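Student: Whatever this is, show me its structure:
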Amino acid sequence: MSKAQATPQLGAWCGEFGHEYTLRSCLSPEQVDALWEKNYGTTRTQLNQHFLGNIPADARILEVGCNIGNQLLLLQRLGYSNLYGVDVQDYALEMARSRTKNVNLAQASTFALPYEDKYFDMVFTSGVLIHVSPRDLPTALKEIHRCAKSYIWGSEYYASTVTEINYRGRGQLLWKMNYGREYLARFKDLELVLERRLPYLESANVDSMFLLRRVEQD
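Tutor: Numbering: from 1, shown residues only. Modelled structure (predicted):
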């Protein structure tokens, strides 16, 4: 990791703290769907179908922060065949390689994606931007936008204003905000296709899933 990419958050995710997260996240596709249904009353697969209905099965798709590949496995089950994933943690990628087939995986952070401009039909995150400091978020969003030819898809914790949350006894590791709005405010060639707020069934927390599309500029 270069000095330009190094942040306290990346340091935590590449260390023991991130290792423990990876071990907790080792779920089968069925367990992921069951967890989402418990939290929101709908499965991740159902939401994927709802949001990606117009995305062709052969679209080139990148997940930024793929960890052990849970979301990529769910997309494969829906027939998506041209999948890529990056993560900063070598241990997570090792597990992802053992759990997935025919997925292109690489070690990289959202601050320096090793791909050409507009290389992917869609770039997405799932619970990743929430761990990027608001100070560093513009760089992360710029890289995702740079690599996305047509769509940006996100699923992140939601709050109407930037809100830091204590995460497992540690500060400076998790923030809630309106991430869809952040993209739209920074990039004038994006438009909102679909957004759904996802209130938790057993708490007052809310998540947001959003799909953005790049449009031609005059």
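Student: contacts, neighbours, all on C-alpha from now
Tutor: Noted.
Student: tell me the contacts of Leu198?
Tutor: By Cα atoms under 8 Å, 6 or more residues apart in numbering, the contact list for Leu198 reads 40, 206-209.
Student: what ranges do the helices span in this structure?
Tutor: Taking DSSP state H as the criterion, the chain carries its helices at 8-13, 16-24, 29-40, 44-51, 70-77, 90-99, 137-147, 179-186.
Student: Just put those helices in TSV and tack on mean neighbour count, mean pLDDT and distance to Arg196.
Tutor: Putting these into TSV (neighbours: other Cα atoms under 10 Å; pLDDT from 0 to 100; distance: least, Cα to Cα, whole Å) gives the following:
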stretch	mean neighbour count	mean pLDDT	distance to Arg196
helix 8-13	15	94	28
helix 16-24	14	94	26
helix 29-40	16	98	11
helix 44-51	16	98	9
helix 70-77	19	98	18
helix 90-99	17	97	28
helix 137-147	19	98	20
helix 179-186	16	98	11
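Student: Of all these, which one is nearest Leu113?
Tutor: Judged by Cα to Cα, the one of these that comes nearest to Leu113 is helix 137-147, at 6.6 Å.
Student: ok, and the most crowded of the contacts of Leu198?
Tutor: Per-residue neighbour counts (other Cα atoms under 10 Å) across the contacts of Leu198 peak at Met209, which has 22 neighbours.
Student: so what's that residue bridging to?
Tutor: When bridges are taken as DSSP bridges, the partners of Met209 come out as Ser155, Arg196.
Student: Can you tell me the closest non-neighbouring residue to Ser28?
Tutor: Asn70 (7.2 Å; Cα to Cα, 6 or more residues apart in numbering).
Student: In this structure the one you found contacts Val32, no?
Tutor: Yes: taking contacts as Cα atoms under 8 Å, Asn70 lies within contact range of Val32: 7.5 Å.
Student: Tell me which residue is most central in the protein.
Tutor: In the chain, the C-alpha closest to the average C-alpha coordinate belongs to Thr125, at a distance of 1.3 Å (Cα atoms, centre = their mean).
Student: Count the residues that sit near Tyr84.
Tutor: Counted with other Cα under 10 Å, residues neighbouring Tyr84 total 20.
Student: isn't Arg44 right up against Gln31?
Tutor: No: under the contact definition of Cα under 8 Å, Arg44 does not touch Gln31, with a separation of 10.3 Å.
Student: just to revisit the earlier point, for Leu105, find the nearest of the helices of the chain.
Tutor: Closest approach to Leu105 among these is made by helix 90-99 (7.2 Å; Cα to Cα).
Student: And the closest one, how far out from the chain middle?
Tutor: Going by Cα atoms, centre = their mean, to the nearest Å, the spacing between the C-alpha centre of helix 90-99 and its chain's C-alpha centre is 17 Å.
Student: and if you look at stretch 165-180?
Tutor: With Cα atoms, centre = their mean, you get 15 Å for stretch 165-180.
Student: can you give me the end-to-end distance of that stretch?
Tutor: Stretch 165-180 has its terminal residues 19 Å apart, counting by Cα to Cα, to the nearest Å.
Student: what sits up against that stretch?
Tutor: The list of residues contacting stretch 165-180 from outside it, by Cα under 8 Å, 6+ apart, reads 9, 129-134, 154, 156-164, 208, 210, 212.
Student: Derive a ChimeraX selection command for the buried subset of these.
Tutor: Of these, the buried ones can be selected in ChimeraX as follows, counting by 16 or more other Cα atoms under 10 Å:
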select :129,130,131,132,133,134,154,156,157,158,159,164,208,210,212
